[in-house]
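> sequence? don't have it. structure:
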């Protein structure tokens, strides 16, 4: 092998390594941090702009026992989850939690939102929210928790569970598609 050919090969290897390193740096810089969204502010906007939301009550499990019991009853697992690998209950790792429900038997809508610390917890919350919707709708053989025809139709056709990164929204309202659009716009 000629002496110049070996040096040329070595320069190509160094150039290739430099190009790969540059690509990695650019890729890391291009990766965005998830935009932080204030869920309480969004809830306030919903209460201001949508009639159904004005009739809902915010449930803060830290402020009152009734709220904690209601969340445990209607959204079991949201406050605590069971981990099969460790005995006992564990708290979901949430950054934010905003729960608005109707405390009347005739449930004509609600919304809940959380921000989790991990994508795994976001998937768990998505499942918990979907379980709430499924329970309210019923299984087709027996009535669900919505019980009455109007609310059952609302929960069946006007409920959405939306995940955006570590943020999860459940909304039940005639305007659910518009609210989901507004929720997604928060991240643009």
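Ah, there it is. Predicted model, so just to flag it, every value in this text is computed and none were measured.

> how far is the helix or strand containing residue 151 from where the chain is centred?
Element membership for residue 151 (DSSP states H and E) is helix 149-157. Averaging C-alpha coordinates over helix 149-157 and over its chain gives two centres that are 22 Å apart (Cα atoms, centre = their mean, to the nearest Å).

> which elements pack onto that helix?
Secondary-structure packing of helix 149-157 (3 or more Cβ pairs under 8 Å, 6 or more residues apart in numbering; DSSP states H and E): helix 119-137. C-beta coordinates here come from the backbone N, C-alpha and C atoms, glycine included.

> circling back to that earlier point, between the helix holding residue 151 and helix 119-137, how big is the angle?
Calculated by axes from the mean of the first three to the mean of the last three Cα atoms, to 10 degrees, helix 149-157 forms an angle of 150 degrees with helix 119-137.

> list the buried residues in helix 149-157.
Using 16 or more other Cβ atoms under 10 Å as the burial criterion, the residues of helix 149-157 that qualify are 151-152, 154-155.

> contacts for it?
Contacts with helix 149-157, where a contact means Cβ atoms under 8 Å, 6 or more residues apart in numbering, come from 106-109, 133, 136-138, 143-144, 146, 172-174.

> good, wrapping up.
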